[in-house]
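just a sequence and a predicted model for now, questions to come.
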Amino acid sequence: MKLSVRAIEARNLRPMDLNGSSDPYVRLQVGKQKFKTKVVKKNLNPFWGEEFSFRVEELNGELVVSVLDEDKYFNDDFVGQLKVPIAKVFDAENQSLGTAWYSLQPKNKKSKHKDCGEILLSISLSQSNSGFDQALPCKGDRASQLEEASDLATESPRHSSTGPSRSPSGRRTEEADSSKEDKTSSHTFAGRFAQLFQKNGETVPTTSRVINSTDLPEMPKLAVREDRFEEQSSCSSFGEAVRTMMERDSDGEVPNNLPGGILLDQCYAIAPPDLNSLLFSPDSNFQKSMAELQGTTELQEGLWKFENGSNNLRRVVMYVKAASRLIKAVKAIEEQRYLKANEKGFAVSISVSTPDVMYGSTFKVELLYCITPGPELPSGEQTSRLVISWRMNFLQSTMMKGMIEGGARQGLKESFEQFADVLSRNVKPIEMKDLVSNKDQVLAALQVEPQSDWKLALQYFANFTVISTIFMGLYVVAHIFLSVPSTVQGLEFNGLDLPDSIGEVIVCGILVLQGKQVFELLARFIQARKRKESDHGVKAQGDGWLLTAVLLEGCNLAAVDSTGFSDPYVTFTCNGKTRTSSIKFQKLDPQWNEIFEFDAMDEAPSMLDVEVFDFDGPFDEATSLGHAEINFVKSNVSDLADVWIPLEGKLAQACQSKLHLRIFLNNTKGSNAVQEYLTKMEKEVGKKINLRSPQTNSAFQKLFGLPPEEFLINDFTCHLKRKMPVQGRLFLSPRIIGFHSNLFGHKTKFFFLWEDIEDIHVAPATLTSMGSPGIIITLRQGRGLDAKHCAKTQDEEGRLKFHFQSFVSFNIAHRTIMALWKARSLSPEQKVQIVEEESETKSLQTEESGSFLGLEDAKMSEVYSSAHPFPINFFMELFSGGDVDCQVMEKVGCVDYSCTPWELEKADVYQRQICYKLHKNVSSYRGQVTSTQQRSPLPDRNGWIVEEVMTLQGVPLADYFNLHLRYQVEDHPLKSKGCQVKVFFGIAWVKSTSHQKRLTINILSNLQERLKLMFNLTEKEYHSRKVG
């Protein structure tokens, strides 16, 4: 007998890793027969969907199912286990336990962790069949291995499966294919596997031994295979079966792509259900068309049926691949299974096995078809996105692993090129350029939905607080009219009626609190109607990379106000530039429909940071409602044309908050942009940089999965230093730095963005580095986690460090790396230098007779005054750029504080530039401040005047105003060695806003606390030096 066990998924597993997650897999054992599933990384609710078969001779044994957590460097951690007696399965109805959830048990009863989670299994017994065993022999470990191999090895198995072909005749196609023979691979083992996975049956001249078709075992009948389905579908057609599955699986998510790579990723002008029917419906002629094109014979398609005890459809397809000069015939068995079918899309897993080929029992090929809704066209027509991914699953260890995988990859690639060609003749493909060309139409169609004041008022005030307050107010008014005035008693007098009991005091307090809340609601409603200012509609300037972000709406935002709502607004940050949306008061599902354009950039952007805040003033500890990062290097731009972005963060994840965005990125410079960039980098590196060929750039993009606009600048041979050095190549491009190595089939590949790098320094030469210096790259905290396994060390703050050594040309490599890093990540000193250069062209001072720095634009008023026991000269150390200046400014929350020396601007007037970032304790937005200070002596007495114009960046509404400060320092009239300081403050409003008063109060409060702390620290420093 044969015991079939399918490990489907698990839920609520116990976290075993320090990061609160696990890398679970399942190990199954019956006697000496052992199998295990794939490992699902960082998931406590993993999905496997793998089936295994055991040969059972006796009924006194048991099935042991263990869930373990993979550990790379130590023994795998035990999560939980389950034991099922085989006799229990034999005694069950139809010898099947069906599909059911089983609780995992700890290893022993004394374990502290009793709740280990649950696992979903499908367990059944069946009699062995000679025909079935011939197709899937069950000999110890081979049983499940061949069953899985029958799933994937089938060359791009009937990827063919889909509708009527409009291609030329099969004869013409075979003649065209035969002219494209690869004579170089025909004599290699990988070449044989490449031919195995090519479905066109192309011939390759060879003198190798030929496998005769008569040597192949007889093809088992489809009826034998169909015996595995014990539950017959009650649906009379494929469409009804799919609709039934969609009703049962309404909430499922489409699974992630398989790790082997993407074979096809294309959008088509067809609705997802129609594309699903075209590819997998038994009535479709697509599979037959592909079979004719590729020379496949004896095609037998089983019926779609529901699995025993499961909601998933499944069928078996068998066929014989066309013969070639190398292999006469190849029998293949496909098992197709629906993983998901709902409004979010369709996911079909296909396992292909070719048990009769060489090493066919050691592997299986797995394919995953994902059909999801694509971006909506301006015409309103629905589109579908088809993504086909694959992986090679080796059931046994073999030295031929690298050759088998390489041959399979080549064969699948060529087969799916034919698949895409045939599909494009049946369904119109949608190109990215078509979506970009419709960008203006999409943006023009955006309109803010008008809402009447009555509807908004009803939305704001239709709540318990307002209704209860109105009711209580009317109740009290009615009581006043009905009651008789009481006599004056206690401390009352005519005109003053005090509460006469505790109950009256409580009622009065409740009325006051309720009235206050209603008043606040009324104020917010008025502000919401007046609030219109944002960066919406500001047009981009210049030529280059233009980024347009369309903010449509938000969903399920967190409520942080006492009213149960929030005042959300969104900030977009790219390459240091920030765009801010309008504020939507008292909304959890806000509608924006706003467009934000970033000025043209010389280089393609890497990241777009999106964060949602609850508005409470630029310097308050505002609450972040969630954030997200859009990585243009890892994302397909076409996917961003219409996308829902899930927000991260505790509040966002608890509420499952999302933003609906449309992102457009295009280059207006054309093909000259690459050459201009290389010319600029040549000046930084000091060496000629050659433009790589299109073939080289294409190979580089495919190696790391990069978008087509990314191009290779240079690559260097080096060693990645870990426990054992790994030799490979370091690839450099405008946005990434990547490493790739392939030693004896063991691949090491990773990359990270230039913006992720915090520091780069040179390590001295050692014997292990062959006398050549090394380069140590330190990433920012929380960055590069995908490449954590390749990092040499990780410091206490969680920053990863990568060591590269043994460069052939170290000087060139170091100069190139530093130049590219500096181009993407400027230090504060470099930013100060930029401010200096800009200040030369944009002078801040006006006429000689007027005040400098344009302070006439701000109404100045005294906001702080204090007296200190130290002389003026020591106080001016606070503006000297020395130790006192830097220490005090860093302690008050100025991060990365840097300043330029004082320079003489005109008679007795000196000027300098300042740049720093705000600490999170000062501003939750951690914005950046650039400031210009001018210093001049008092005209009529001993003292100084320091005037400052401060510009904020990265703070909401920061582009609406500039801050102006004036420090007036003079001798104290009563203390001979003391000084007196007066600080004047004003705001120059660049744009009009209804929140000027609110912002002024918020900024002034923060400024007064900062000044007090600055002067106290200066006084402490004076006393410490005096004592010392």
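Nice, thanks for sending it over.

and Ala420, that's in a strand?
No: if the criterion is DSSP: H, G, I helix; E, B strand; the rest coil, then Ala420 is helix and not within a strand.

for it, what are its contacts?
For Ala420, the set of contacting residues under the criterion of Cβ atoms under 8 Å, 6 or more residues apart in numbering consists of Leu264, Gln266. The C-beta positions use only the backbone N, C-alpha and C, and glycine is treated the same way.

hmm, 10 Å instead?
Each residue near Ala420 by Cβ atoms under 10 Å, 6 or more residues apart in numbering is listed here: His159, Leu263, Leu264, Asp265, Gln266, Leu386, Ile388, Pro429.

does the last one touch Tyr268 like I think?
Looking back up the chat, that one is Pro429. Yes: counting by Cβ atoms under 10 Å, a contact exists between Pro429 and Tyr268, whose distance comes to 5.6 Å.

of those two, which one has the most company?
Tyr268 (22 against 16; other Cβ atoms under 10 Å).

is the more buried one bridged to anything, and to what?
Tyr268 has the following beta-bridge partners by DSSP bridges: Ser384, Pro429.

quick one, what contacts the closest residue to Ile430 other than its chain neighbours?
Spatial nearest neighbour of Ile430, excluding adjacent residues (Cβ to Cβ, 6 or more residues apart in numbering): Cys267 at 4.0 Å. Cys267 is in contact with 372-375, 377, 383-387, 428-432, 434-435, 636, 638-639, 641, counting by Cβ under 10 Å, 6+ apart.

between Pro429 and Tyr268, which contacts overlap?
Common neighbours of Pro429 and Tyr268 are listed as Thr383, Leu386, Leu423 (criterion: Cβ under 10 Å, 6+ apart).

the second one: how many residues sit nearby?
If I follow you right, that is Leu386. Using other Cβ under 10 Å, the number of residues around Leu386 comes to 25.

pretty sure it contacts Ile371?
Yes: here Leu386 reaches Ile371: they are 5.7 Å apart, a contact under Cβ under 10 Å.

sorry, back to before: redo the contacts of Ala420 as JSON lines? Include distance to Trp821.
What follows is the contacts of Ala420, written out as JSON lines (distance: Cβ to Cβ, whole Å):
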{"residue": "His159", "distance to Trp821": "43"}
{"residue": "Leu263", "distance to Trp821": "35"}
{"residue": "Leu264", "distance to Trp821": "36"}
{"residue": "Asp265", "distance to Trp821": "31"}
{"residue": "Gln266", "distance to Trp821": "36"}
{"residue": "Leu386", "distance to Trp821": "39"}
{"residue": "Ile388", "distance to Trp821": "37"}
{"residue": "Pro429", "distance to Trp821": "39"}
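
before we move on, the earlier item: write the PyMOL selection for whichever of the contacts of Cys267 are buried.
The buried residues among the contacts of Cys267 can be selected in PyMOL (16 or more other Cβ atoms under 10 Å) with this line:
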select buried, resi 372+373+374+375+377+383+384+385+386+387+429+430+432+435+636+638+639+641
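
max-length strand in the chain?
Secondary structure assigned by DSSP state E gives strand 330-342 as the longest strand of the chain.

helix or strand right after that one?
In the C-terminal direction, the helix or strand that comes right after strand 330-342 (DSSP states H and E) is strand 345-353.

that following strand to strand 330-342, inter-axis angle?
Regarding strand 345-353 and strand 330-342, their directions subtend 160 degrees when assessed with axes from the mean of the first three to the mean of the last three Cα atoms, to 10 degrees.

which SS class is the residue of the chain positioned farthest from its centre?
In the chain, the greatest distance from the average C-alpha position (Cα atoms, centre = their mean) is reached by Thr487, at 72.4 Å. Recorded secondary structure, Thr487: coil (three-state DSSP).

report pLDDT for it.
Per-residue confidence (pLDDT) for Thr487: 76.

and it, what does it touch?
Contacts of Thr487 by Cβ under 10 Å, 6+ apart: none found.

quick check: buried residues in the longest helix along the chain?
In terms of residue count, the longest helix belonging to the chain (DSSP state H) is helix 996-1027. Along helix 996-1027, these residues count as buried under the neighbour rule (16+ other Cβ under 10 Å): 999-1000, 1002-1004, 1006-1007, 1010-1011, 1014-1015, 1017-1019, 1021-1022.

surely Ile583 forms part of a helix?
No: read with three-state DSSP, Ile583 is coil and lies in no helix.

ok, it to Phe615 distance?
From Ile583 over to Phe615 the distance is 5 Å, taken as Cβ to Cβ, to the nearest Å.

please apply the same query to Ile775.
Where Phe615 is concerned, Ile775 sits at a distance of 44 Å (Cβ to Cβ).

quick check: bridge partners of the closest residue to Gln33 other than its chain neighbours?
In space, Gln33 comes closest to Phe54 once its chain neighbours are excluded; the distance is 5.1 Å by Cβ to Cβ, 6+ apart. On the basis of DSSP bridges, Phe54 takes part in beta bridges with Leu3.

so for Phe54, what's the pLDDT?
The confidence metric pLDDT takes the value 89 at Phe54.

going forward, count from 35.
Right, with 35 as the first residue, what we last looked at is Phe88.

hmm, it is touching Glu96, no?
No: with contacts counted by Cβ under 10 Å, Phe88 stays clear of Glu96, the gap being 11.2 Å.

of those two, who's got more company?
The residue with more neighbours, out of Phe88 and Glu96 and counting by other Cβ under 10 Å, is Phe88; that gives 25 against 15.
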